[in-house]
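Participant: curious how this folds, go ahead:
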Amino acid sequence: MSDHLAPQEKRLDVTDESLPSGLPAAALADLPQVLVAPPWAEPRKSRPPREIPGLRAPEPQLVGRPGDFERAMALEPDLVEWDPETYWDDSAGDRLYGYRSGWDIDDSILSQLARGGPRFADQAVEHIKTSPWQGRALLPIRSTPAAAAAAHWFLRLDAGRSPGLDWFDRHGLHAVPLLVPEAFGPKGYQRTTARGALRLLAWRYGPEAVIARTEPHGPEAVAGVTAVLADYPDRPLLNNPTAGFIHAQEDLPPVLTADRAAVLPPSAVSHLIAVLSQWSPRTPYPAVETVADACDTASLARFSLALARRYGFTNWSVGQLARFGGAEAAALIEARVTKSGARRFAQSGLALETLAAFPADLAFPALYRLSRGRLHASVRRLAASHAAAVAARTGSEVEPFADRAAPALGLDDPARLTLDFGPRTFHIKADDRLNLKVADADGKIRARPPRPGVRDDAETAAASLARFRRLAKDLAAELDFQRDRLKDAMLTSRIWGPDEFAHLLAHPVLAALARGLLWIGETSSGPQAFRLAEDGSFADVDDKPLDLLDDARVRLAHPVLLGPDLPLWTEVFADYEILQPFDQLARPALTLTPEEARTGVLDRFSGVTASFGALSEVMEWKPMYWGDDGTAGRAGEWTHLFSRELPREALNAASAEVVDNVHLLAEIDPSPYYREPDPEGRHRIIWIWFSPTKNRRRGVPTLRGDALDPVLVAELLAELGRATGLHH
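Facilitator: You can find the predicted model right below:
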């Protein structure tokens, strides 16, 4: 995520505040030049030289962020097997291979760059310069060809906008000396594109910083770049805006001048639309700030939202919402992404990028919901990435931020729990399970609000009833959402710090769910399981008070962590009739045998049969290519095999220091027809094992089973047990 975000302090939520009526049109002489005669309608102030001979491109470099090199070295092909001693030998030569069997091109290039260094940089750019969807491979390359490719993607291709900007986010002002040879080179198309990229950098960092970075190329280049930026800040990046031709201004609210004494005339509104079309969070068109200073903030915010509503998810109407939009704009973007999803992935990507530039309290909840919604996996991953970036912007991790962002729905505000019927009032009550009831003035409890009577104020009562129904609906949805979050927290062994756990216990919705669950916390005698007692204290399995350490870390209990206390805790929850929000204590507490823990081979499943469909619910049926041992040619040189990538976070500390990847691999017999496997077809499991690599070559060591989180292992054993019908 870029740091070039809209100024948050200037945001304003759109309200129903009425505008003054009968205002005159503003005089053109009182408006900024960009709204009267914009630069794309005027002759250029200066003419940069077409070419500057003798400019030399800097030597290529590879620039990564912490962990990038290690991740690139850990990339593996989707091969059935390969010789790890010889497979990477070709990286010692001078040729980079763009396509290799079993590789995505971007992964292939990144792995070769990590091993071969900058000498492969120009070849890598040549392979991917027409393929912006492989932009990950361009990111570490700092060179003139890479800068030219990124500029072309961003400025010329709709699908290349995001990966091109990603490259400029990574390299910033270091891109300037790389672009200068292209900006004054012999090819006109490349000159125009490189100059547009220089203007982007000037928008972001200021023209002085860009000109200063040009100095290594000499005074003639400095003069040339100065001429390119002479129209700063108003000259568009590349083409003249096309959004200003819109004439349906009657559908849009008026925009007032800053003193609220006049409205923009139609010609200025047309130019305003064109100006807004140039702005997005990562392309911060400076003329927008000129407009913001000249116009009334509230009416400009209304206009911005109406523009996006009127013209939909076009590239030019969405980005500007991040500059002026508030809560309504964030809700609009969330709804549009939910509707369009992966069908319009480029537009959804820009919308998510725009949403991420909103203030964190508006951006994060929407992005987090989208990341856990029912959208295509590609959209969910992108939303999750932006949510993580927003959380990091505030110095937080994702899940603690999600706890803090969980809505209380007014359950912590007595005033919002009062239903006004006019002469009568009722109070909403929520029991320990957050079932809603209503109490009248005498304290009589009702299951629901009564119907309005003849003496009640009909309009006020109807509004109160609608509010009650909306609360009930929102509460049911929020309970489902938070229930799923807590279940995932148990399965991923999430840890709460003391402050985070205290917040959870103080939250009216989260606390209600937490009271139905079993927890494990650090005490002076070690980790101990506890429940939340009725008075808010912590109780152990003997129903005695439990004191956590002041800095205790807390996690949700999984049955596999409880050992012999599991039946005791099950009895406690039954005695107290504690209804759990999801299956916790009833889950199988499965563990590895000593031999499975030592070898990583799940011997219990060897020889067991299962249907293809059942196995597909546990593992992925992936295309794999034959390796480099002379066996090419079998099954069309590729086949399918069962595998599942496991989270590296599940490794214990000792294994995480030496293991890069974690996989669950399986071999079955007979092998199903790879094109259309029969879901009901039965197959015998030859063996299933944990592996630090995808490589199934004989002699490659397995991964010890006890290197993995016992919760993950227990869940995998349960899934495989259900697939095979094997009862443990």
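Participant: pretty sure Ala391 sits against Asp403.
Facilitator: No - between Ala391 and Asp403 there is no contact under CB atoms under 8 Å: 11.2 Å. C-beta: built from backbone N, CA, C; applies to glycine.
Participant: give me the more crowded residue out of these two.
Facilitator: Taking other CB atoms under 10 Å, Ala391 and Asp403 do not tie; Ala391 has more neighbours (23 against 19).
Participant: what's the neighbour count on the closest residue to the more buried one other than its chain neighbours?
Facilitator: Nearest non-adjacent residue to Ala391, counting by CB to CB, 6 or more residues apart in numbering: Phe401, 4.3 Å away. Phe401 has 22 neighbours, counted by other CB under 10 Å.
Participant: again, but for Asp551
Facilitator: Residues lying near Asp551 (other CB under 10 Å) number 9.
Participant: distance of it from Gly497?
Facilitator: Distance of Asp551 to Gly497, given as CB to CB, to the nearest Å: 8 Å.
Participant: just give me how far the helix or strand encompassing Leu370 sits from the chain centre.
Facilitator: Per DSSP states H and E, Leu370 falls inside helix 360-371. Remark: helix 360-371 is offset 9 Å from the chain centroid, using CA atoms, centre = their mean, to the nearest Å.
Participant: can you name every helix or strand that the very next helix or strand once past that helix contacts?
Facilitator: Scanning forward in sequence from helix 360-371 by DSSP H and E, the next helix or strand is helix 377-393. Using 3 or more CB pairs under 8 Å, 6 or more residues apart in numbering; DSSP states H and E, the elements in contact with helix 377-393 are helix 345-356, helix 360-371, helix 398-405.
Participant: dump the ones you listed into JSON lines; add mean pLDDT and distance to Ala151 as well.
Facilitator: Shown next, in JSON lines, are the helices and strands packed on helix 377-393 (pLDDT from 0 to 100; distance: least, CB to CB, whole Å):
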{"stretch": "helix 345-356", "mean pLDDT": "92", "distance to Ala151": "18"}
{"stretch": "helix 360-371", "mean pLDDT": "98", "distance to Ala151": "28"}
{"stretch": "helix 398-405", "mean pLDDT": "98", "distance to Ala151": "33"}
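Participant: what is the stretch of helix or strand Ala274 belongs to packed up against?
Facilitator: Per DSSP H and E: Ala274 is located in helix 266-277. Judged by 3+ CB pairs under 8 Å, 6+ apart, helix 266-277 is in contact with helix 287-294, helix 297-311, helix 315-318.
Participant: return the distance of the second one from the chain's centre.
Facilitator: Its chain's average C-alpha position is 26 Å from that of helix 297-311, according to CA atoms, centre = their mean.
Participant: repeat that for stretch 155-163.
Facilitator: With CA atoms, centre = their mean, you get 20 Å for stretch 155-163.
Participant: likewise stretch 365-372?
Facilitator: 8 Å.
Participant: least reliable of the helices and strands packed on helix 266-277 going by mean pLDDT?
Facilitator: Among these, helix 315-318 carries the lowest mean pLDDT, at a mean of 83.
Participant: packing partners for that one?
Facilitator: On the basis of 3+ CB pairs under 8 Å, 6+ apart, helix 315-318 makes packing contacts with helix 266-277, helix 297-311, helix 345-356.
Participant: mind listing what's buried in it?
Facilitator: Neighbour counts over helix 315-318 (16 or more other CB atoms under 10 Å) mark Trp316, Ser317, Val318 as buried.
Participant: which stretches of the stretch 151-300 of the chain have low pLDDT?
Facilitator: Scanning the stretch 151-300 of the chain for pLDDT under 70 picks out 232, 242-248.
Participant: now the helices: where do they sit in the stretch 101-250 of the chain?
Facilitator: For the stretch 101-250 of the chain, helices defined by DSSP state H, counting those that start in this stretch occupy the ranges 105-116, 121-128, 144-156, 161-171, 176-183, 188-205, 207-214, 219-228.
Participant: so for Glu17, what's the pLDDT?
Facilitator: According to the model, Glu17 scores 46 on pLDDT.
Participant: next one: the one 5 residues further on
Facilitator: At Gly22, the predicted lDDT confidence score is 83.
Participant: and the closest residue to Thr599 other than its chain neighbours, how many neighbours?
Facilitator: Excluding its sequence neighbours, the residue lying closest to Thr599 (CB to CB, 6+ apart) is Thr702, at 6.0 Å. By the criterion of other CB under 10 Å, Thr702 has 16 neighbours.
Participant: swap in the one 5 residues further on?
Facilitator: Using other CB under 10 Å, Ala707 has 20 other residues around it.
Participant: surely it meets Glu657?
Facilitator: No - Ala707 is beyond contact range of Glu657, at 11.0 Å (criterion: CB under 8 Å).
Participant: and the residue nearest to Asp565 when sequence neighbours are not counted, how many neighbours?
Facilitator: For Asp565, ignoring the flanking residues on the chain, the nearest one in space by CB to CB, 6+ apart is Val541 at 5.5 Å. If you count neighbours by other CB under 10 Å, Val541 ends up with 18.
Participant: got the contact list for Val541?
Facilitator: Neighbouring residues of Val541 by CB atoms under 8 Å, 6 or more residues apart in numbering: Ala529, Asp565, Leu568, Trp569, Val572.
Participant: same question for Ala408.
Facilitator: By CB under 8 Å, 6+ apart, Ala408 lies in contact with His507, Pro508, Val509.
Participant: hmm, back to that, now the helices and strands packed on helix 377-393 as CSV including distance to Thr523?
Facilitator: Converted to CSV, the helices and strands packed on helix 377-393 look like this (distance: least, CB to CB, whole Å):
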stretch, distance to Thr523
helix 345-356, 40
helix 360-371, 32
helix 398-405, 22
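Participant: phi and psi next, for the residue nearest to Pro24 when sequence neighbours are not counted.
Facilitator: Spatial nearest neighbour of Pro24, excluding adjacent residues (CB to CB, 6+ apart): Ala262 at 5.3 Å. Dihedral pair for Ala262: phi -160, psi 170, per degrees, to the nearest 10.
Participant: between the contacts of Val541, identify the one with the most neighbours.
Facilitator: Ala529 (22 neighbours).
Participant: so how far is Leu510 from that residue?
Facilitator: In terms of CB to CB, Ala529 sits 19 Å off from Leu510.
Participant: same question for the longest strand seen in the chain: list its buried residues.
Facilitator: If you go by DSSP state E, the chain has its longest strand at strand 682-691. Residues of strand 682-691 classed as buried by neighbour count (16+ other CB under 10 Å): His683, Ile685, Ile688, Trp689, Phe690, Ser691.
Participant: flag every buried residue along the longest helix along the chain.
Facilitator: Ranked by residue count, the top helix of the chain under DSSP state H comes out as helix 458-491. Under the neighbour-count criterion of 16+ other CB under 10 Å, helix 458-491 has 461, 464-465, 467-468, 471, 475, 478-479, 481-483, 485-487, 489-491 buried.
Participant: number of residues surrounding Ala330?
Facilitator: 23.
Participant: by mean pLDDT, flag the weakest helix or strand of this structure.
Facilitator: Sorting the helices and strands of the chain by mean pLDDT, DSSP states H and E puts helix 315-318 at the bottom, at a mean of 83.
Participant: and the contacts of that one?
Facilitator: Here helix 315-318 has contacts from 158, 161, 241-243, 276-278, 280, 307-308, 310-311, 333, 347, 350-351, 354, using CB under 8 Å, 6+ apart.
Participant: switch to 7 Å and redo it
Facilitator: Ala243, Ser277, Leu307, Ala308, Tyr311, Leu350, Ala351, Thr354 (CB atoms under 7 Å, 6 or more residues apart in numbering).
Participant: filter these down to the buried ones.
Facilitator: Among the contacts of helix 315-318, the ones that count as buried by 16+ other CB under 10 Å are Ala243, Ser277, Leu307, Ala308, Tyr311, Leu350, Ala351, Thr354.
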